[in-house]
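A.B. asks: No sequence on hand, only this structure:
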């Protein structure tokens with residue numbers, strides 16, 4: 001088998017881990033990772049060890065789905081204790097850095113009153129030395145700006161934190177990624193390698209091109225036992241879909257959640273790739289249905305369900321560039337996706353509003369993204385306008401229509417959209433669900449609940465459509481697909497507010513002869 005031509009099996013998956021927690025921007029970008037480690041992950045592990053039964057019971061309670069409970073059986077508590085001890089020992093510098101951030105911000109709150117800030121630099125915790133700048137805005141509100149590229153060069157960014165688990169899609173919902181670390185398992189291949197490791201690219205290219213076990217063994221630096229495990233992820237036959245390319249016209253395929261694949265015979269674009277590997281289900285497009293080469297991957301924003309490293313790592317080597325929105329450069333709540341992805345070995349193009357990126361036979365324009373980020377100063381978010389095969393497509397992601405006049409400017413600059421894709425998760429999670437570890441001043445539950453991760457309601461979606469003048473409108477599934485549960489942890493019923501709002505918007509569209517639909521699973525448009 002060592003020299004036999006082999007392909008990666010359809011159901012092979014990867015879970016990228018950072019100190020055994022699932023990797024996403026707040027656990028991978030070094031400043032935010034330190035805060036999450038100190039103020040979320042370590043306390044959560046300590047809470048689990050105090051009462052494993054409570055965490056396990058809560059993890060199986062549907063009403064607590066998506067809560068921060070560690071879903072690991074009590075008999076493995078000693079492994080969790082070992083993980084916690086390792087983090088406290090090996091990541092002591094990160095934990096001290098997080099404490100220093102909190103102390104530095106408190107120093108500013110107490111002493112930055114509009115006068116000269118240079119006197120405060122010697123009073124900052126030494127862990128912040130050379131990594132931050134103090135500044136006022138024009139309202140004399142002081143802030144601490146992180147020199148993020150410098151932080152990546154410090155010992156706060158340690159690739160030794162990174163590892164991957166390779167396995168076959170189990171066919172059942174995996175534990176929630178924001179709360180449950182991944183422990184070793186007999187049916188999982190553990191590789192203590194960084195995400196940028198060239199061997200991973202060689203492995204995942206084997207979905208498209210044949211390889212050999214001996215080549216992968218060398219590329220991934222495997223021992224005999226690991227090579228034997230890897231062989232179970234390989235097949236003598238490719239599993240690629242025969243209709244993954246098109247010969248004429250244009251095509252859009254919906255792959256679930258916010259993932260679209262836009263194609264012409266010359267090019268392919270993928271938005272927010274979050275793609276199932278389970279090709280046996282028959283109710284979805286999977287990694288097998290992707291074109292062999294993807295010119296552009298468009299990332300709309302940095303939430304864990306839109307920049308999904310589990311999928312992105314499997315596309316490296318098959319992508320011309322990943323297009324990401326420009327961050328605010330040093331804001332604690334706004335890590336740079338460009339920096340993060342470049343450090344994982346991806347080609348990246350960073351864009352601001354109305355920047356254009358050309359591809360064969362068309363172009364993509366970055367367009368503004370309003371709301372959905374709990375009123376935090378987060379600028380790394382973008383919708384997109386794609387022009388290909390004679391169509392203009394608005395890719396709205398989770399953007400909210402809180403100020404519909406914005407879309408008047410979009411239409412004035414880019415024309416009338418033919419198709420608009422909109423997000424209507426209009427009653428999202430509260431501020432503290434995703435950002436608690438980054439908040440250095442506690443907020444009340446009432447305040448947190450008033451600031452939500454919400455997209456458009458029916459009225460706001462209708463306002464967007466009115467301004468864009470689009471002839472067709474489609475609403476993303478908002479995590480309704482069951483294979484997304486380990487990341488989304490959402491539960492809807494026909495009476496859920498969000499579903500009712502979508503129905504109201506569908507009625508609005510029908511009354512105006514606008515073709516519309518609520519997406520789910522898979523769908524295709526051809527022209």
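C.D. replies: Happy to help now that I have it. Note that the structure is predicted; figures quoted are calculated from it, not measured.

A.B. asks: roughly how far is stretch 416-427 from the heart of the chain?
C.D. replies: 19 Å (Cα atoms, centre = their mean, to the nearest Å).

A.B. asks: same check, this time on stretch 103-115
C.D. replies: 33 Å.

A.B. asks: How about stretch 243-252?
C.D. replies: Centre to centre, stretch against its chain (Cα atoms, centre = their mean), the figure for stretch 243-252 is 27 Å.

A.B. asks: What residues of it count as buried?
C.D. replies: Residues 244, 246, 250, 251, 252 are the ones in stretch 243-252 that count as buried (16 or more other Cβ atoms under 10 Å). Glycine gets a C-beta too; all of them are placed from N, C-alpha and C.

A.B. asks: Which of the three states applies to the residue lying closest to the last one once chain neighbours are set aside?
C.D. replies: Translated: residue 252. Nearest residue to residue 252, sequence neighbours excluded (Cβ to Cβ, 6 or more residues apart in numbering): residue 525, at 4.5 Å. Under DSSP: H, G, I helix; E, B strand; the rest coil, residue 525 falls in the strand class.

A.B. asks: just checking, which of the buried residues of stretch 243-252 belong to strands?
C.D. replies: 251, 252 (DSSP state E).

A.B. asks: With respect to residue 13, which of the buried residues of stretch 243-252 is nearest?
C.D. replies: residue 244 (19.3 Å; Cβ to Cβ).

A.B. asks: follow-up on the earlier one: of all the buried residues of stretch 243-252, which two lie farthest apart?
C.D. replies: 244 and 250 (15.0 Å).

A.B. asks: With adjacent residues omitted, what lies nearest to the most centrally placed residue in the chain?
C.D. replies: Centroid-nearest residue in the chain: residue 307, 2.4 Å away (criterion: Cα atoms, centre = their mean). Take residue 307 and drop its neighbours on the chain: the residue closest to it by Cβ to Cβ, 6+ apart is residue 299, 5.2 Å away.

A.B. asks: Read off the pLDDT value for that neighbour.
C.D. replies: Note on residue 299: pLDDT of 98.

A.B. asks: who touches it in this structure?
C.D. replies: By Cβ atoms under 8 Å, 6 or more residues apart in numbering, the residues touching residue 299 are 272, 306, 307, 322, 323, 324, 325, 337.

A.B. asks: again, but for residue 322
C.D. replies: 296, 297, 299, 312, 341, 346, 347, 348, 349.

A.B. asks: The helix or strand harbouring it: what's the following helix or strand?
C.D. replies: Assessed by DSSP states H and E, residue 322 sits inside strand 319-325. Using DSSP H and E, the helix or strand that follows strand 319-325 towards the C-terminus is helix 337-342.

A.B. asks: Tell me which other helices or strands that next one touches.
C.D. replies: helix 25-28, helix 148-152, strand 319-325, strand 348-351 (3 or more Cβ pairs under 8 Å, 6 or more residues apart in numbering; DSSP states H and E).

A.B. asks: top helix in this protein by residue count?
C.D. replies: helix 92-111 (DSSP state H).

A.B. asks: tell me the average confidence for it?
C.D. replies: 98.

A.B. asks: now, among the contacts of residue 322, which is nearest to residue 144?
C.D. replies: residue 341 (24.5 Å).

A.B. asks: which residue ranges form the helices in the stretch 251-400 of the chain?
C.D. replies: 309-312, 337-342 (DSSP state H, counting those that start in this stretch).

A.B. asks: Now render those helices as CSV, adding mean neighbour count, distance to residue 461 and mean pLDDT.
C.D. replies: Formatted as CSV, these follow (neighbours: other Cβ atoms under 10 Å; distance: least, Cβ to Cβ, whole Å; pLDDT from 0 to 100):
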stretch, mean neighbour count, distance to residue 461, mean pLDDT
helix 309-312, 23, 27, 97
helix 337-342, 23, 26, 98
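
A.B. asks: Make JSON lines out of those helices and add distance to residue 513.
C.D. replies: Formatted as JSON lines, these follow (distance: least, Cβ to Cβ, whole Å):
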{"stretch": "helix 309-312", "distance to residue 513": "37"}
{"stretch": "helix 337-342", "distance to residue 513": "39"}
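
A.B. asks: in the stretch 251-400 of the chain, what spans have low per-residue confidence?
C.D. replies: Across the stretch 251-400 of the chain, nothing is flagged by pLDDT under 70.

A.B. asks: number of nearby residues for residue 449?
C.D. replies: 13 (other Cβ atoms under 10 Å).

A.B. asks: Could you look up the SS state of it?
C.D. replies: From three-state DSSP, the assignment for residue 449 is helix.

A.B. asks: That one contacts residue 430, correct?
C.D. replies: Yes. Assessed by Cβ atoms under 8 Å, residue 449 is found in contact with residue 430 at 4.8 Å.
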